[in-house]
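Colleague: Generate coordinates for the sequence data below:
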Amino acid sequence: MVIPGTGRVREAVREGRVRLVLLASDASRNSRDKLEPLLRAVGLNYGVIADRARLGAAVGRAPLSAVGITDAAMARRIGELARPRADAGESMDVPRSDER
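Modeller: Below is the predicted model of the structure:
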């Protein structure tokens, strides 16, 4: 399942339902300040990907600053796909758990 939007993602993270968060590369400082400390505090992986328009379009929505992935298998697969892209210098960066 996909949870769209900064507020809904924060709520789902606090409830322990999210396995991975994708943040838009052009998310406002305010949105990032609301999410990143929480994600680090709970030890949740997150990636910075695309821009708000492309992130929203990817899940069939208007522009979004954040998307939460609740399915563990889907989150794992996105992380696997993201690593080679990040290693190639592309814009997605999903930190490994052991890198924090």
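
Colleague: all strands of the chain, in order?
Modeller: When secondary structure is read from DSSP state E, the chain shows strands at 2-4, 20-24, 46-49, 66-69.

Colleague: Mind checking these for the one nearest to residue 37?
Modeller: Proximity to residue 37 (C-beta to C-beta) singles out strand 46-49 among the strands of the chain, at 11.4 Å. Glycine gets a C-beta too; all of them are placed from N, C-alpha and C.

Colleague: where does the chain have low pLDDT?
Modeller: Scanning the chain for pLDDT under 70 picks out 83-100.

Colleague: excluding its backbone neighbours, what's nearest the spatially most central residue of it?
Modeller: A centroid search over the chain (C-alpha atoms, centre = their mean) returns residue 22, at 1.6 Å, as the residue closest to the centre. Once flanking residues are discounted, residue 22 sits nearest to residue 67: 4.7 Å by C-beta to C-beta, 6 or more residues apart in numbering.
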